[in-house]
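Q: show me how the following folds:
(2 chains)
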There are 2 protein chains.
Amino acid sequence: MANPVLVEVTRNGIVESRHRGTFAVIDASGTVVASVGDIDRPVYPRSAVKVLQALPLVENGWADRFGLTDAELALVCASHSGEPIHTEAAVAILAKAGLTGAALECGVHWPSSKRASKTLIRQGAEPSALHNNCSGKHAGFLCLACGLGAEPQGYVGPDHPVQRAVKSALAEVYETDLTHGAGTDGCSIPTYAVPLRHLARAFARLGTGEGFGPSRQAAAARLRRSVAAHPVMVAGPGRLDTQLGEHFRERVFTKTGAEGVFCASLPERGWGLALKCDDGATRASEAILLQLLAATMPWSPDDHAAFSTQLDPVLRNWNGIEVGRIRHSENLTAAFVGVA
Amino acid sequence: MANPVLVEVTRNGIVESRHRGTFAVIDASGTVVASVGDIDRPVYPRSAVKVLQALPLVENGWADRFGLTDAELALVCASHSGEPIHTEAAVAILAKAGLTGAALECGVHWPSSKRASKTLIRQGAEPSALHNNCSGKHAGFLCLACGLGAEPQGYVGPDHPVQRAVKSALAEVYETDLTHGAGTDGCSIPTYAVPLRHLARAFARLGTGEGFGPSRQAAAARLRRSVAAHPVMVAGPGRLDTQLGEHFRERVFTKTGAEGVFCASLPERGWGLALKCDDGATRASEAILLQLLAATMPWSPDDHAAFSTQLDPVLRNWNGIEVGRIRHSENLTAAFVGVA
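A: So this is what the prediction gives:
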């Protein structure tokens, strides 16, 4: 069964491209509020669950032991753009564990920030592992390794104490034994496939604390507060997770993952959501996320005004001429008929 | 009816993302050799038909009148990477019409070539319209305008003599009145929606000349030869159209278009092909094209060896670790069962 079309890309009113996908909005008890498509098919959540992967660092007291600031914890949850503000925070986290960027095992890529890339090129410099969008998460893993008294080297491996601790936390918050399969993520750590149903419920719990013990509740609240206080750290200037954080602050926690994934906590409603665009396109996953937030959160006229261009994106060509739109299909809004 | 899944992106053996699409392989008389999905749904061919848009320039003698070289004609058919070899050829074409880059109305974007972009950044320079991937096509349009004795300014508009001549040629080679709708392309010229069935037949005719008058036959052959002789001009180093041209030369003409389109002529078989990935993804359209070429052309062991990594692409992460594959689905190969 094909998942339904959720986003259409038009050119002069004609649909040029189509994106199919699936999403689940679920409360902390597991009751489905709204869904489309097959929410029991396992998906790789990729970077969308970095906040969950950060739980062991915080709930066991290591974040406090190493004196990590809220901005640094936001970076631990981040897929950052590689701006200096991000790389400097990664250096600071590593220093608190007595380490440097040399300990990072995430690999190297150019910053997604064009500004940051241009600066490196002008300096005749090359990017380092600190510019990898996952360097904050990896710096957090290295703190966890030190906290656990484990050898830092090899911390990305599935059998290292760090990844065992992360897997254990994920299995608990997903309420699954993680037997749906595992792959290797872009930054070399394991990524565990999980049905959207479990993923959305985990994010409902992240927002409410329901079903978590006291230390996990406190850790979840701390991580959400940290990202809400420093949204530029979780992504970067002009990126959707940062824009949503800057506007909504603690009203919502959102996080993107590669291949068209988003997860979000909606503490006001006690709901969590998870979505996956079948084909992995970010333009579609962002459009779906915004429509889901508009459908699930009480949006004021100010909220709508802040995101009006992104709720109804206009496509312009190299001369700035409007050539088309990115619009959500009725399959998406129809799922919320009757949802109060 | 959903078009079938043609390409799957796996991570450790699990399908992470899926790409649906449609394709048609058709001979010059319009007989379908193989197809998948709805080939009568109009699609925007975008840049995949630049070679057809170049016909009026060549078949009416203007290319010869202005003394355009084969390399320059290849650039007229190109979506180039903005390397110096491309921008210099665009300047040369414009000079032959007594014009400069200031006459280009395609808009400005950074070169897709990272090398070319880095060079600009290091020089503290900004890109110009010459770096636009369509600048060769637009330089050809300006030659056509001069040949037609039309005011160059406004040559991108649908009512300008240049675009009227292009539309007339497209309608003839598609054998349709182009009433399926029109949009504005990235470079501001009109793009006309056309069913894949018509598009594939047009490319069969481009390869065989069947159904074309003598001057169009000669123009089609000249353009194909020009691209085959200078494949680096039609895209750029490391890009698929260039790689295919460098290896197969006149055995195949391929051209990519935005939003997951490819068109190709297979003169050895007398067939044309057209494909569209529903969601517009290039990684999928390239995978589909390669499988279609492998299914429709007589490939030697050397041919297979030249494209072995692209026929079965391995996905590696930032540390070079294999994390997955891009593979075609059985829906694709099944369409060729019984095709000799």
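Q: got the residues of the stretch 201-340 of chain A near chain B?
A: A:259-260, A:278-281, A:284, A:317-321, A:323-324 (CB under 8 Å from any CB of the partner chain). In this view, the C-beta of every residue, glycine as well, is placed from N, C-alpha and C.
Q: can you flag the buried ones in the residues you listed?
A: Among these, the ones that count as buried by 16 or more other CB atoms under 10 Å in any protein chain shown are A:E259, A:G260, A:D278, A:D279, A:G280, A:A281, A:A284, A:N317, A:W318, A:N319, A:V323, A:G324.
Q: for whichever strand or helix holds A:V162, packing partners?
A: Using DSSP states H and E, A:V162 maps to helix A:161-174. Here helix A:161-174 touches helix A:50-53, helix A:55-59, helix A:135-148, strand A:190-192, helix A:196-208, going by 3 or more CB pairs under 8 Å, 6 or more residues apart in numbering or on different chains; DSSP states H and E.
Q: for it, buried residues please.
A: Along helix A:161-174, these residues count as buried under the neighbour rule (16+ other CB under 10 Å): A:P161, A:V162, A:Q163, A:A165, A:V166, A:K167, A:A169, A:L170, A:E172, A:V173, A:Y174.
Q: columns pLDDT on top of the residues of the stretch 201-340 of chain A next to chain B, output as a markdown table?
A: Shown next, in a markdown table, are these (pLDDT from 0 to 100):
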| residue | pLDDT |
| --- | --- |
| A:E259 | 98 |
| A:G260 | 98 |
| A:D278 | 98 |
| A:D279 | 98 |
| A:G280 | 98 |
| A:A281 | 98 |
| A:A284 | 98 |
| A:N317 | 97 |
| A:W318 | 96 |
| A:N319 | 96 |
| A:G320 | 97 |
| A:I321 | 97 |
| A:V323 | 98 |
| A:G324 | 98 |
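Q: all strands of chain A, in order?
A: Taking DSSP state E to define them, one finds strands in chain A at A:5-11, A:14-27, A:32-36, A:42-43, A:182-184, A:190-192, A:194-195, A:253-257, A:261-266, A:271-277, A:314-316, A:322-328.
Q: put the alpha carbons of the worst-scoring helix or strand of chain A on mean pLDDT into CSV.
A: Lowest on mean pLDDT, DSSP states H and E among the helices and strands of chain A sits helix A:330-334, with a mean of 92. Coordinates of the C-alpha atoms in helix A:330-334 are reproduced here as CSV (Å, rounded to 0.1, in the frame of the first residue of the first chain):
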residue,chain,number,x,y,z
GLU,A,330,-6.0,17.3,1.5
ASN,A,331,-4.8,14.0,2.7
LEU,A,332,-2.9,15.8,5.4
THR,A,333,-5.6,18.2,6.7
ALA,A,334,-8.3,15.5,6.4
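Q: and A:T282, what's its pLDDT?
A: A:T282 carries a pLDDT score of 98 in this model.
Q: go through the residues of the stretch 201-340 of chain A next to chain B and name the one nearest B:T119.
A: B:T119 lies nearest to A:W318 out of these, by CB to CB, at 20.4 Å.
Q: verify the stated contact: that closest one with B:D185.
A: No: with contact defined as CB atoms under 8 Å, A:W318 and B:D185 do not form a contacting pair (9.8 Å).
Q: taking the stretch 201-340 of chain A, what residue is nearest to chain B?
A: When scored by CB to the nearest CB, the stretch 201-340 of chain A has A:W318 as its residue closest to chain B, at 2.6 Å.
Q: give me the phi and psi for the nearest residue to that residue once chain neighbours are set aside.
A: Distance criterion CB to CB, 6 or more residues apart in numbering or on different chains; nearest residue to A:W318, sequence neighbours excluded, is B:G107 at 2.6 Å. Backbone torsions of B:G107, given as degrees, to the nearest 10, read phi 80, psi 170.
Q: pull the contacting residues for B:G107.
A: Shown in contact with B:G107 (CB atoms under 8 Å, 6 or more residues apart in numbering or on different chains): A:N317, A:W318, A:N319, A:G320, B:A129, B:N132, B:G186, B:C187, B:S188.
Q: let's see it at 7 Å
A: Residues near B:G107 by CB atoms under 7 Å, 6 or more residues apart in numbering or on different chains: A:N317, A:W318, A:N319, B:A129, B:N132, B:C187, B:S188.
Q: mind picking the two most distant members of the residues you listed?
A: A:N317 and B:A129 (12.7 Å).
Q: mind putting the helices and strands packed on helix A:161-174 into TSV with mean pLDDT, distance to A:D303 and mean neighbour count?
A: Output for the helices and strands packed on helix A:161-174, formatted as TSV (pLDDT from 0 to 100; distance: least, CB to CB, whole Å; neighbours: other CB atoms under 10 Å in any protein chain shown):
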stretch	mean pLDDT	distance to A:D303	mean neighbour count
helix A:50-53	98	23	26
helix A:55-59	98	29	26
helix A:135-148	98	28	27
strand A:190-192	98	33	22
helix A:196-208	98	18	27
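Q: can you say which of the ones you listed is nearest to A:V43?
A: Nearest of the helices and strands packed on helix A:161-174 (CB to CB): helix A:196-208, 6.2 Å.
Q: who does the closest one touch, helix- and strand-wise?
A: strand A:14-27, helix A:161-174, strand A:261-266, strand A:271-277 (3 or more CB pairs under 7 Å, 6 or more residues apart in numbering or on different chains; DSSP states H and E).
Q: contacts for that helix, please.
A: Helix A:196-208 is touched from outside by A:22-28, A:30, A:39-40, A:43, A:45, A:51-52, A:173-176, A:211-212, A:220, A:224, A:253, A:263-267, A:270-274, A:276, with contacts defined as CB under 7 Å, 6+ apart.
Q: run the last query once more with 6 Å
A: Helix A:196-208 is touched from outside by A:24, A:26-28, A:30, A:39-40, A:45, A:173-174, A:176, A:211-212, A:220, A:263, A:265, A:267, A:270-274, with contacts defined as CB atoms under 6 Å, 6 or more residues apart in numbering or on different chains.
Q: now do it against strand A:261-266, angle only.
A: In terms of direction (axes from the mean of the first three to the mean of the last three CA atoms, to 10 degrees), helix A:196-208 departs from strand A:261-266 by 40 degrees.
Q: chain center to helix A:196-208: distance?
A: 13 Å (CA atoms, centre = their mean, to the nearest Å).
Q: go on, stretch A:106-117?
A: The mean C-alpha position of stretch A:106-117 is separated from the chain mean by 18 Å, CA atoms, centre = their mean.
Q: go through that stretch and flag the buried ones.
A: In stretch A:106-117, counting by 16+ other CB under 10 Å, buried: A:C106, A:G107, A:H109, A:W110, A:P111, A:S112, A:S113, A:A116, A:S117.
Q: my read is that the third one contacts B:N319, right?
A: No: with contacts counted by CB atoms under 6 Å, A:H109 stays clear of B:N319, the gap being 10.5 Å.
Q: got the residues of the stretch 51-200 of chain A near chain B?
A: A:G107, A:H109, A:K118, A:I121, A:G181, A:G183, A:T184, A:G186, A:S188, A:A193 (CB under 6 Å from any CB of the partner chain).
Q: what's near enough to touch the second one?
A: Yep, that's A:H109 we're talking about. A:N132, B:W318.
Q: check the gap between it and B:P111 for me.
A: Per CB to CB, to the nearest Å, A:H109 is found 20 Å from B:P111.
Q: over to the third one?
A: Between A:K118 and B:P111 the distance, using CB to CB, works out to 14 Å.
Q: flag the shaky bits of chain A, pLDDT-wise.
A: Counting by pLDDT under 70, chain A contains no low-confidence range.
Q: now the stretch 101-250 of chain A against chain B: closest residue?
A: For the stretch 101-250 of chain A, CB to the nearest CB, closest residue to chain B: A:G107, 2.6 Å.
Q: what about that residue, distance to A:P127?
A: For A:G107, the distance to A:P127 - CB to CB - is 10 Å.
Q: quick check, central residue of chain A?
A: A:K255 (2.3 Å; CA atoms, centre = their mean).
Q: residue contacts, that one?
A: So A:K255 contacts A:A48, A:C263 (CB under 6 Å, 6+ apart).
Q: likewise for A:L68?
A: Applying CB under 6 Å, 6+ apart, no residues contact A:L68.
Q: circling back: now the buried ones among the residues of the stretch 201-340 of chain A next to chain B in TSV, with distance to B:T333?
A: TSV is the format used below for these (distance: CB to CB, whole Å):
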residue	distance to B:T333
A:E259	25
A:G260	26
A:D278	21
A:D279	20
A:G280	23
A:A281	25
A:A284	28
A:N317	37
A:W318	38
A:N319	42
A:V323	35
A:G324	33
